[in-house]
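S.K.: build me a structure from this.
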Amino acid sequence: TSRSALEQVAVVADATLPPDGTWSPAPAPVPAWKHRGVRHRYECPLRWADLDVLGHVNNVRYVDYLQEARSALLRACLHAAGVERQEGVGYVVVRHEVTFLAPLLFRSTSVLIDSWVTEIRGASFTLDHEIFHEAEDGSRVVYVRARTVLAPFSLESGLPRRMDDAARAALAPYAEEGER
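M.R.: Next up, the predicted model:
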């Protein structure tokens, strides 16, 4: 017996055809970023001065972009939680991890940066970031994935301090599920 093309595909896919003989492939998977929790999105303009001799954004500039996005996220956290910025209190970067995935060439449209909280500890918290362009169809070109660990810091004493309840509450809405 010969098999129809549809039956051959079902065999290769280790699937069985329904009794009516119709079969359609499973819907395309939804990109992972569409399943995630609340993320802060920052639109970062590209600047001509950000380019290096190779014509793409210089690797050092990505850290500047992350700083802009991080500042915008922290302002949004405080605003959403109804918390006033405390004088004499800041956050210092403890570590940056930057993975370059594709060269970013100059264009007139802003690059997008999604930032979200992945860990809140007693004296630090971690933000993850993606720098990307998103097409109208929802597809993305991700240029950088990064992780930043920050610690609360007292400007007055010059010493690190513990995360207080207000800071935890302000960060919570941007935490990935299970990371609050």
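
S.K.: and the lengthiest helix in the chain, what other elements does it pack with?
M.R.: In the chain, taking DSSP state H as the definition, the longest helix is helix 59-81. Applying 3 or more Cβ pairs under 8 Å, 6 or more residues apart in numbering; DSSP states H and E, one finds that helix 59-81 contacts strand 40-44, strand 89-100, strand 111-120, strand 125-134, strand 140-154, helix 165-171. In short, each C-beta sits where N, CA and C put it, glycine included.

S.K.: so for Val63, which of these sits nearest?
M.R.: strand 89-100 (6.3 Å; Cβ to Cβ).

S.K.: sheet partners, orientation included, of that closest one?
M.R.: Here strand 89-100 is paired, per DSSP bridges, with strand 140-154 (antiparallel).

S.K.: then the partner strand to CSV, C-alphas only?
M.R.: Taking C-alpha atoms only, strand 140-154 is exported to CSV below (Å, rounded to 0.1, in the frame of the first residue of the first chain):
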residue,chain,number,x,y,z
ARG,A,140,13.3,39.9,16.9
VAL,A,141,16.9,40.4,16.2
VAL,A,142,18.7,40.3,19.6
TYR,A,143,22.0,42.0,19.6
VAL,A,144,23.0,41.7,23.3
ARG,A,145,21.8,39.7,26.4
ALA,A,146,23.2,41.1,29.6
ARG,A,147,22.9,40.6,33.3
THR,A,148,23.6,43.3,35.9
VAL,A,149,24.0,42.8,39.7
LEU,A,150,23.3,45.8,41.8
ALA,A,151,23.7,46.5,45.5
PRO,A,152,22.1,49.2,47.6
PHE,A,153,24.6,51.7,48.8
SER,A,154,24.6,54.5,51.4
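
S.K.: chain center to it: distance?
M.R.: 8 Å (Cα atoms, centre = their mean, to the nearest Å).

S.K.: list the buried residues in it.
M.R.: In terms of neighbour count (16 or more other Cβ atoms under 10 Å), strand 140-154 has its buried residues at 142-144, 146-153.

S.K.: list the buried residues for the longest helix of the chain?
M.R.: Buried, per 16+ other Cβ under 10 Å, within helix 59-81: 61-62, 65-66, 69-70, 72-74, 76-78, 81.

S.K.: excluding chain neighbours, what is closest to Thr109?
M.R.: Nearest residue to Thr109, sequence neighbours excluded (Cβ to Cβ, 6 or more residues apart in numbering): His133, at 7.2 Å.

S.K.: so which of the buried residues of strand 140-154 comes closest to Asp164?
M.R.: Out of the buried residues of strand 140-154, the member with the shortest distance to Asp164 (by Cβ to Cβ) is Pro152, at 7.7 Å.

S.K.: which ones are touching the nearest residue to the closest one once chain neighbours are set aside?
M.R.: In space, and not counting its chain neighbours, Pro152 is closest to Arg161: 4.9 Å by Cβ to Cβ, 6+ apart. By Cβ atoms under 8 Å, 6 or more residues apart in numbering, the contact list for Arg161 reads 89, 123, 152-154.
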